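> Got a predicted model here, sequence first, then my questions.
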Amino acid sequence: MTHSTNSSQYASNIISRFPEDLFAAKNYEDYLKRVARGAETASRKNVVITGLCRNIIGVLEHTVARLRKTGDLFNDYRILIYENDSTDGTSQALRKHFTNDTKTTLAQETTGMPMFGKTRELDRPRYLAGLRNISFEGVRLLNKFFPTDYIIVVDLDLEGGWSYDGICHSFSYDNWSAMTANGLEYVDATYVGTDGTTFSEYKPLFYDTWAWRGINTKMTEVPDSAEVNELRFNRGDEIVEVNSNFNGLGIYKYEEAIDCKFDAILTDSGDVVNEWAYFHNEMKKRGSRIFMNPSMIALYTPTIYSGKY
């Protein structure tokens with residue numbers, strides 16, 4: 001192995017890291033046993049890791065390294081990336097990274113659609129639903145040549161990355177169809193005390209409020225975002241059965257997810273059901289069980305390993 005190869009591998013290891021130690025687990029020894037048991041199970045499975053992206057040049061190097069590190073947890077893997085309409089160099093950078101990568105399929109398109117931002121208008125999730133259906137069709141085609149046990153869907157713009165231990169931890173459980181993430185965004189919160197003094201706190205928010213449906217909440221019952229933001233789960237807590245959740249990362253049994261479709265709809269009360277709540281409802285109709293794993297953490301904000309902490 002050349003010095004150049006060693007240096008490249010070292011750099012990849014650094015930028016793909018996740019700050020596991022920042023999240024203490026209750027019953028730490030039991031947690032580690034589950035991680036080890038799940039890692040052994042994952043090592044016998046084939047996965048396709050897929051995601052959508054647009055204008056992610058700021059996190060692209062990290063994301064590519066994280067995708068490959070995730071794949072290495074399994075017996076074998078393939079990566080399928082759908083990129084569209086980037087204007088920041090993402091398109092060219094992806095081609096540079098994956099031109100000679102036989103494990104990766106890169107689909108690129110110019111649709112002419114504008115950036116939607118974080119709006120909750122119907123057009124945004126309906127558009128994303130169409131793209132996710134395209135990516136799942138790609139996974140279906142890959143399965144003809146690469147027998148797939150699980151599909152991992154990941155948001156490719158996650159600045160802080162995702163927990164590899166958490167993925168392994170998920171595979172220590174049985175009888176699940178989908179395992180979704182504990183997605184966190186850290187924000188600066190300022191409080192005023194009773195004496196008038198102010199203090200600040202770097203506060204975690206449970207991020208993906210739009211996709212969240214508790215086990216007793218219907219697809220058409222869109223929850224209050226502020227209430228969902230305040231949900232708190234700790235690493236090592238038991239997995240939580242839900243009707244819907246995504247939060248940046250989801251693991252899906254291929255046979256139970258591949259025939260389900262994404263869409264977005266408007267409820268009678270005028271609320272928008274996004275593509276993940278709709279998709280998970282389709283899975284539930286088929287008898288699937290969906291969980292959120294508090295230990296499978298995904299970070300929407302930078303970490304000490306992302307260069308922006």
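Arrived safely. Numbers count the residues shown, from 1 in each chain.

> in the sheet, who's paired with residue 265?
Taking DSSP bridges, one obtains residue 273 as the residues bridged to residue 265.

> Quick check: it touching residue 281?
No: at 9.9 Å, residue 265 and residue 281 do not qualify as touching, with contact defined as Cβ atoms under 8 Å. Every C-beta, even on glycine, is put in place using the N, C-alpha and C of the backbone.

> residue closest to the middle of this protein?
The residue at the geometric middle of the chain, judged as the C-alpha nearest the mean C-alpha position with Cα atoms, centre = their mean, is residue 249 (1.8 Å).

> Grab the nearest non-local neighbour of that one.
The spatially closest residue to residue 249, leaving aside those adjacent along the chain, is residue 181, at 3.9 Å (Cβ to Cβ, 6 or more residues apart in numbering).

> Next, the contact list for the residue nearest to the centre of the chain, please.
Taking Cβ atoms under 8 Å, 6 or more residues apart in numbering as the definition of contact, the neighbours of residue 249 are 152, 153, 154, 155, 158, 162, 167, 180, 181, 183, 296, 298.

> got those as TSV, with neighbour count and pLDDT columns?
Formatted as TSV, the contacts of residue 249 follow (neighbours: other Cβ atoms under 10 Å; pLDDT from 0 to 100):
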residue	neighbour count	pLDDT
152	23	99
153	24	98
154	24	98
155	22	97
158	26	96
162	24	98
167	25	98
180	31	98
181	30	98
183	28	98
296	28	98
298	26	98
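
> Quick check: of these, which lies closest to residue 287?
residue 180 (17.6 Å; Cβ to Cβ).

> hang on, the closest one in a strand?
Yes: assigned with DSSP: H, G, I helix; E, B strand; the rest coil, residue 180 falls within a strand.

> Settle this for me: it is touching residue 292, isn't it.
Yes: using Cβ under 8 Å as the test, residue 180 is close enough to residue 292 to be in contact (5.1 Å).

> Can you work out which residues contact both of those two?
Contact criterion Cβ under 8 Å, 6+ apart; residues shared by residue 180 and residue 292: 242, 245, 247.

> just checking, the first one touches residue 291?
Yes: distance between residue 242 and residue 291: 6.6 Å, which falls inside the contact criterion (Cβ under 8 Å).

> so what sits against both of those two?
In the contact map built from Cβ under 8 Å, 6+ apart, the residues linked to both residue 242 and residue 291 are residue 180.

> residue boundaries of the helices in the stretch 151-300 of the chain?
Remark: helices assigned in the stretch 151-300 of the chain by DSSP state H, counting those that start in this stretch are 164-170, 225-229, 254-257, 275-285.

> other SSEs contacting the shortest one?
Okay, so that is helix 254-257. For helix 254-257, the packing partners by 3 or more Cβ pairs under 8 Å, 6 or more residues apart in numbering; DSSP states H and E come out as helix 123-143, strand 150-154.

> Repeat the analysis, applying 10 Å as the threshold.
strand 46-53, helix 123-143, strand 150-154, helix 275-285 (3 or more Cβ pairs under 10 Å, 6 or more residues apart in numbering; DSSP states H and E).

> The first one pairs with which strands, parallel or anti?
Right, the one you point to is strand 46-53. Those paired with strand 46-53 in the sheet (DSSP bridges) are strand 76-84 (parallel), strand 150-154 (parallel).

> of all those strands, which gets the most neighbours per residue?
Ranked by average neighbour count under the criterion mean count of other Cβ atoms under 10 Å, the strands paired with strand 46-53 are headed by strand 150-154 at a mean of 24.

> got the angle for that strand vs helix 275-285?
Orientation of strand 150-154 against helix 275-285 (axes from the mean of the first three to the mean of the last three Cα atoms, to 10 degrees) gives an angle of 160 degrees.

> got the CA coordinates for strand 150-154 in PDB?
These are the backbone C-alpha positions of strand 150-154, laid out as PDB (Å, rounded to 0.1, in the frame of the first residue of the first chain):
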ATOM      1  CA  TYR A 150     -32.500  -3.800   3.200                       C
ATOM      2  CA  ILE A 151     -32.800  -0.300   1.800                       C
ATOM      3  CA  ILE A 152     -31.200   2.600   3.700                       C
ATOM      4  CA  VAL A 153     -32.600   6.000   2.800                       C
ATOM      5  CA  VAL A 154     -30.500   8.900   4.100                       C
END
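
> can you give me the angle it makes with helix 123-143?
Using the same axes, to 10 degrees, the inter-axis angle of strand 150-154 relative to helix 123-143 is 150 degrees.

> Mutual contacts of residue 265 and residue 281, please.
Common neighbours of residue 265 and residue 281 (criterion: Cβ atoms under 10 Å, 6 or more residues apart in numbering): 219, 220, 273.

> Please consider this matter closed, and thank you.
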